[in-house]
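Asker: Sequence and predicted model, in that order:
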Amino acid sequence: MYSRLPSRPEARHVRIVECLLAMNRAGHVATVSECIRMCQGVRAKGRDSPYVKKLAHLPSVWELKPNVRGGLRGGARVYFLWLSTGELLLVNAEYKQQGEQADLRLLGEVVEMAEAIRTAQGREKQ
């Protein structure tokens, strides 16, 4: 599952598609292929997928991270949330060089999505 960002409901594409298109335009075709492969893997195996990693400093934020190191494939990252229904919500993706920190703007988008979901769930309970 994927969605537009709450702050950009008018966007042409859902956010993860925007990220994948931008990586493709930047020549990171292998990264895009790796992101798609990891998404297929988590769809098939769920939480048991070897690509699923919890981000240590952000509660509720997870990433798909390849098993390979370095290069365009090794730098692929997909950021997502696990919903209370057990479904996965893909938010965005990036290519990151080995040793480079994650893009804080992208992580902020994932947190924004998590907060919007919590707010919506709170309204449903009222």
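Answerer: Received, thanks.

Asker: so which strand or helix has Arg12?
Answerer: Assigned by DSSP states H and E, Arg12 belongs to neither a helix nor a strand.

Asker: let's number from 124 now, not from 1
Answerer: Sure, I'll start numbering at 124, so the last one becomes Arg135.

Asker: check contacts around it.
Answerer: Counting by CB atoms under 8 Å, 6 or more residues apart in numbering, Arg135 touches Glu141. In short, each C-beta sits where N, CA and C put it, glycine included.

Asker: From Lys176, how far out is it?
Answerer: Shown here: Arg135 relative to Lys176, a distance of 30 Å by CB to CB, to the nearest Å.

Asker: Correct me if wrong, but Glu232 is in a helix.
Answerer: Yes - counting by DSSP: H, G, I helix; E, B strand; the rest coil, Glu232 is part of a helix.

Asker: Does it touch Ala216 like I think?
Answerer: No - between Glu232 and Ala216 there is no contact under CB atoms under 8 Å: 10.8 Å.

Asker: Compare those two (neighbour count), which wins?
Answerer: Under the neighbour definition other CB atoms under 10 Å, Glu232 and Ala216 were set side by side, and Ala216 has more, 28 against 20.

Asker: Next, that one: phi, psi?
Answerer: Dihedral angles phi and psi of Ala216 (degrees, to the nearest 10) take the values phi -150, psi 160.
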